[in-house]
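Q: Any chance you can model this:
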Amino acid sequence: MRVHFIAIGGSAMHNLAIALHKKGFKVTGSDDVLFEPSVSRLGKYGILPEKEGWYPEKITPEIDAVILGMHARIDNTELLKAQQLGIKVYSYPEYIYEQSKDKFRVVIGGSHGKTTITSMILHVLQAAGKDFDYLVGAQLEGFETMVRLTHEAPVIVIEGDEYLASPIDRRPKFHLYKASLGVISGIAWDHINVFPTFDNYIEQFRLFVKTIETGGKLIYSKTDAVLNNMVINDSSEVEKLPYSLPNYTIENGVTTIISNEKKYPLLVFGEHNLLNMEAARLVCESLGIKPDEFYTYITTFKGAARRLELLGKNNTASIFKDFAHSPSKLKATVQAVKAQFPNRKLIACIELHTFSSLNKDFLAEYAGTMDEADNAIVFIDKKTFEQKKMVPYPVETVKKAFLKDDLLFFDNPELLSSYLKSIPIAGCNLLLMSSGNFGGINLLAISNNLLK
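A: Numbers count the residues shown, from 1 in each chain. Below is the predicted model of the structure:
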């Protein structure tokens, strides 16, 4: 098979390109901007484009399929050439299905927790010696790439994003996998640039359930009221398996699961992670792993990449960095750190960075999300407003949205950096949350200095 990638440098795209190369495909690709780590990884396998840019002459009748990345535009010259020649153009989720339609497909959906649930499943399956393929949205310890596709593996575990499949395929990615077993972790409005109302957003999850194969399974969190109501009113012919929090204790900053009178101390914490764990357990049970085996294997799980990452700690303080950015993720992460260390003051800082989080009409969704923080900080790099061509708003707008009068607001990374460096950290935890990069601030250096 000869496959060409348009926008090969994307996170998922370059990993899929490598997976197909390993499977024996002839892989080529193009991109107008290439960054690390895709440059090094593509170069390692000899499939890095010689130079950046779009070259329609690369599209020839000998190509069997073109895979189109979200980064490309609908007037991309290579795409137009492929359409002119009648070559089949796939989005990457569409092509993942094409390569896995004869496998048992586990698809993990939900507004939050997808990467963590998928990571937990992969960790346990690997520890149990199972053969499986996968697609996950983060680089995981113990896994060379974010995608694996083989001829032999009977199962594939897929992180199912609800965002659009490609510039010419406006369906959510997770609709295209046609799950044998689907998971929904929860529903909290996101991507308002694509789903302008909450009900329109919920509808994507209703449709996802309908894409699960007849006789398949849906695993879902019954602790989420919106999701629970949606499932109750669903008439799909699938088996529905709800989950909720397991029995657990927290002692000396360690969370321990209690199951069948056995104790399993964990390396991760937070009720959101415990819920994620129960979703992963039910998936693994469906794949032949008993609960006691699951809990034994999960005790060595260190967490998904960029989720509650410990930057540093001493005897009286810890500093965490987390990927949280949406309201539900922000609230869950703040609650997790406060519950794990109830006797420490919590200083929480969120960078609003995505289109949804910066939208003035969406901002009210953050009401109450930082109530459990003793000191709450919101950062919006003023350059982000400029880049997204959005009108900046004053601190009063942010305080009103978060319903927190004592909230601190920064729009300058240098001023935020100076403030963070001045924090008296003894007896405190500092939680830094963003899907961006805090305007380029060196968080590790600040952490190291504070903890000295």
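
Q: tell me how far the lowest-mean-pLDDT helix or strand in the chain is from the chain's mean position?
A: Lowest mean confidence among the helices and strands of the chain (mean pLDDT, DSSP states H and E): helix 355-358, at a mean of 85. Mean-position distance between helix 355-358 and its chain equals 17 Å (C-alpha atoms, centre = their mean, to the nearest Å).

Q: could you give the mean pLDDT of the helix or strand following it?
A: Downstream of helix 355-358, the first helix or strand assigned by DSSP states H and E is strand 375-379. For strand 375-379, mean pLDDT is 97.

Q: So what are the sheet partners of strand 375-379 and their directions?
A: Strand pairing for strand 375-379, determined by DSSP bridges: strand 345-351 (parallel), strand 408-410 (parallel).

Q: Next, work out how far apart Ala17 and Asp224 are.
A: Relative to Asp224, Ala17 is positioned 36 Å away (C-beta to C-beta, to the nearest Å). All C-beta spots, glycine's among them, are computed from the backbone N, C-alpha and C.

Q: no, scratch that, I was asking about Leu308
A: 20 Å.

Q: Now do the helix or strand Glu414 falls within against strand 345-351, angle only.
A: Assessed by DSSP H and E, Glu414 sits inside helix 413-421. Computed by axes from the mean of the first three to the mean of the last three C-alpha atoms, to 10 degrees, the angle separating helix 413-421 from strand 345-351 equals 170 degrees.

Q: buried stuff in helix 413-421?
A: Using 16 or more other C-beta atoms under 10 Å as the burial criterion, the residues of helix 413-421 that qualify are Pro413, Leu416, Ser417, Leu420.

Q: could those residues go into CSV alongside distance to Gly137 and pLDDT?
A: Compiled in CSV, the buried residues of helix 413-421 are given as follows (distance: C-beta to C-beta, whole Å; pLDDT from 0 to 100):
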residue, distance to Gly137, pLDDT
Pro413, 26, 95
Leu416, 27, 97
Ser417, 29, 97
Leu420, 28, 97
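
Q: Between which two of these is the distance greatest?
A: The two members of those with the most space between them (C-beta to C-beta) are Pro413 and Leu420, at 10.3 Å.

Q: Comparing the strands paired with strand 375-379, which comes out most buried?
A: Each of those was assessed for mean neighbour count using mean count of other C-beta atoms under 10 Å. The highest is strand 345-351, with a mean of 23.

Q: what is the mean pLDDT for that strand?
A: Strand 345-351 carries an average pLDDT of 97.

Q: where's the closest residue in space to Leu85 that isn't next to it in sequence relative to Lys26, distance?
A: Nearest residue to Leu85, sequence neighbours excluded (C-beta to C-beta, 6 or more residues apart in numbering): Pro61, at 5.9 Å. From Pro61 across to Lys26, the span is 14 Å (C-beta to C-beta).

Q: For these two, indicate the residue with more neighbours.
A: Set side by side, Pro61 and Lys26 show more neighbours around Lys26, with 14 against 8, by other C-beta atoms under 10 Å.

Q: Just give the closest residue to that one, not the sequence neighbours.
A: Arg2 (4.5 Å).

Q: you'd agree the one you found is up against Ile67?
A: No - contact criterion C-beta atoms under 8 Å: Arg2 and Ile67 do not qualify, at 11.6 Å.

Q: got the domain boundaries for this protein?
A: As given by automatic domain parsing, the domain ranges for the chain are 2-87, 95-298, 309-451.

Q: Can you check the distance spanned by the second one, start to finish?
A: Terminal residues of domain 95-298 are spaced 31 Å apart (C-alpha to C-alpha, to the nearest Å).

Q: Please apply the same query to the last one.
A: Across domain 309-451, the terminal residues are separated by 16 Å (C-alpha to C-alpha).

Q: Centre of the chain to that domain, how far?
A: 19 Å.

Q: residues in contact with Arg2?
A: Phe25, Lys26, Thr28, Glu62, Ile63, Asp64, Ala65 (C-beta atoms under 8 Å, 6 or more residues apart in numbering).

Q: burial of the first one, as a residue count?
A: Close neighbours of Phe25, defined as other C-beta under 10 Å, add up to 18.

Q: Give me the nearest residue to it, chain neighbours excluded.
A: In this structure, Phe25 finds its nearest non-sequential neighbour in Met1, 4.7 Å apart by C-beta to C-beta, 6+ apart.

Q: what residues are up against the one you found?
A: Leu20, Phe25, Lys26, Asp64, Ala65.

Q: all strands of the stretch 201-350 of the chain, in order?
A: In the stretch 201-350 of the chain, the strands defined using DSSP state E, counting those that start in this stretch lie at 217-221, 239-243, 248-251, 254-259, 262-265, 309-313, 318-322, 345-351.

Q: Between those strands, which one is closest to Gly142.
A: Across the strands of the stretch 201-350 of the chain, closest to Gly142 is strand 309-313 (C-beta to C-beta), at 16.4 Å.

Q: Just the buried positions in that closest one, please.
A: Quick answer for strand 309-313 (16+ other C-beta under 10 Å): Glu309, Leu311, Gly312.

Q: Quick one: list the elements packing against it.
A: On a contact count with 3 or more C-beta pairs under 8 Å, 6 or more residues apart in numbering; DSSP states H and E, strand 309-313 meets strand 318-322, helix 443-451.

Q: Who does the first one pair with, and is each partner parallel or antiparallel?
A: What it means is strand 318-322. Counting by DSSP bridges, strand 318-322 is paired with strand 309-313 (antiparallel), strand 428-433 (parallel).

Q: For Asn375, which of these is the nearest?
A: Per C-beta to C-beta, nearest to Asn375 of the strands paired with strand 318-322: strand 428-433, 8.6 Å.

Q: residues making contact with that closest one?
A: Residues contacting strand 428-433 (C-beta under 8 Å, 6+ apart): 311, 316-325, 329-330, 333-334, 337, 341, 344-351, 373, 420, 423, 438, 443, 447, 450.

Q: Out of those, which end up buried?
A: Applying 16+ other C-beta under 10 Å to the contacts of strand 428-433 flags 311, 317-325, 329-330, 333-334, 337, 341, 344-351, 373, 420, 423, 438, 443, 447, 450 as buried.

Q: Looking at the strands of the stretch 201-350 of the chain, which is nearest to Ile380?
A: Taking the strands of the stretch 201-350 of the chain one by one with C-beta to C-beta, strand 345-351 is closest: 7.1 Å.

Q: hmm, back to that, could you dump the strands paired with strand 318-322 into TSV with mean pLDDT and distance to Arg41 added?
A: Below are the strands paired with strand 318-322 laid out as TSV (pLDDT from 0 to 100; distance: least, C-beta to C-beta, whole Å):
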stretch	mean pLDDT	distance to Arg41
strand 309-313	93	22
strand 428-433	97	28
